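**Student:** sequence first, then the predicted structure, then my questions.
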Amino acid sequence: MSWIKNRPLKIVLRVQLLITLVVAVAVGVFLGMQSAISAALGGSVSVISSAAYAIIVSHHKGYTAGETVRTALRAESVKIILTVSLLWVVFKFYENLNASAFIGTFILTVLAYSMALLVSDDTK
């Protein structure tokens, strides 16, 4: 993840990936392979959209408040459009979707994204 320069976002993406893997494995053990795939897809939607946000924010080069706000709004709009699009794609094209596993994992990873506010940017 060297393309993401923002330490809190990098850590949150790793946590989201870990949550996705753990939930997918646990759901797979208890509910079967189709449910595990559904859980993995739910987490992946959030991870992909969060990664897009992190990439846009990491490549911010502006120094004024206006440029910072523009970058944040652009990154957030890309994240929302990507999330809605990916949710639509999964619901439209994956017929064996376990909606509970999918939405549950998606919600867990979205909640984990809010952890970025709690991670210090300083490594000391």
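**Tutor:** Done, it's in.
**Student:** next, give phi and psi for the residue of the chain most remote from its centre.
**Tutor:** The centre of the chain is farthest from one residue, T64, which by C-alpha atoms, centre = their mean lies 27.7 Å away. Main-chain dihedrals, T64, degrees, to the nearest 10: phi -90, psi 160.
**Student:** same deal with the one 4 residues further on?
**Tutor:** Main-chain torsions, T68, degrees, to the nearest 10: phi -70, psi -40.
**Student:** contact partners for the nearest residue to it once chain neighbours are set aside?
**Tutor:** Leaving aside its sequence neighbours, T68 sits nearest to G62 (C-beta to C-beta, 6 or more residues apart in numbering; 6.0 Å). (C-beta placed from N, C-alpha, C; glycine too.) Counting by C-beta atoms under 8 Å, 6 or more residues apart in numbering, G62 touches 68, 70-71.
**Student:** pass me the low-pLDDT residue ranges in this structure, would you?
**Tutor:** For the chain, applying pLDDT under 70 flags the ranges 1-2, 116-117, 119-124.
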